[in-house]
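Student: Just to be clear, the model below is a prediction. Sequence and coordinates:
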Amino acid sequence: LLLLALPVVVAAAVAVRLTSPGPAFYGQTRVGRDGRSFRMWKLRSMVVGADALCGVLAEQNEGDGVLFKIRSDPRITPLGALLRRFS
């Protein structure tokens with residue numbers, strides 16, 4: 001399955017690099033089973049440094065508690081919106 005998905009992932013990564021500056025992949029640390037943390041890699045759908053903009057956009061936050069959610073998030077790139085829609 002990974003070999004079949006590889007051409008799609010490579011094409012998406014190239015598209016991300018061509019449409020916005022910065023790396024194609026975004027690494028994030030998540031907490032998994034038994035509380036162990038692991039590094040997860042995904043295609044970047046937001047501008048570089050989007051995490052740092054959370055404080056600036058805090059007043060627009062529609063999420064509750066630890067969830068940060070904005071319906072029309074300005075940090076999402078046009079290609080990122082397409083990737084999110086068809087993820």
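Tutor: Alright, I've got the coordinates. Numbering: from 1, shown residues only.
Student: can you give me the strands in this protein?
Tutor: 25-31, 37-43 (DSSP state E).
Student: Check which residues of the first one are buried.
Tutor: Applying a neighbour-count criterion of 16 or more other Cβ atoms under 10 Å, one finds residue 26 buried in strand 25-31. Glycine gets a C-beta too; all of them are placed from N, C-alpha and C.
Student: next one: the last one
Tutor: Counting neighbours by 16+ other Cβ under 10 Å, one finds that the buried residues in strand 37-43 are residue 43.
Student: What strands flank it, and is each parallel or antiparallel?
Tutor: strand 25-31 (antiparallel) (DSSP bridges).
Student: How far off centre is the strand it pairs with?
Tutor: Relative to its chain's centre, strand 25-31 lies at 9 Å (Cα atoms, centre = their mean, to the nearest Å).
Student: ditto for stretch 76-85
Tutor: Mean-position distance between stretch 76-85 and its chain equals 9 Å (Cα atoms, centre = their mean).
Student: do the same with stretch 30-40
Tutor: With Cα atoms, centre = their mean, you get 18 Å for stretch 30-40.
Student: Identify whichever of the strands of the chain lies nearest to residue 57.
Tutor: With Cβ to Cβ, the closest approach to residue 57 among the strands of the chain belongs to strand 25-31: 17.7 Å.
Student: ok so, going back, can you check which of the strands of the chain gets nearest to residue 2?
Tutor: Short answer: strand 37-43, nearest of those by Cβ to Cβ, at 13.4 Å.
Student: which residues does the nearest residue to residue 83 once chain neighbours are set aside contact?
Tutor: Distances taken as Cβ to Cβ, 6 or more residues apart in numbering place residue 45 nearest to residue 83, at 5.1 Å, with adjacent residues excluded. Contacts for residue 45 (Cβ atoms under 8 Å, 6 or more residues apart in numbering) come out as 76, 77, 79, 80, 81, 83, 84.
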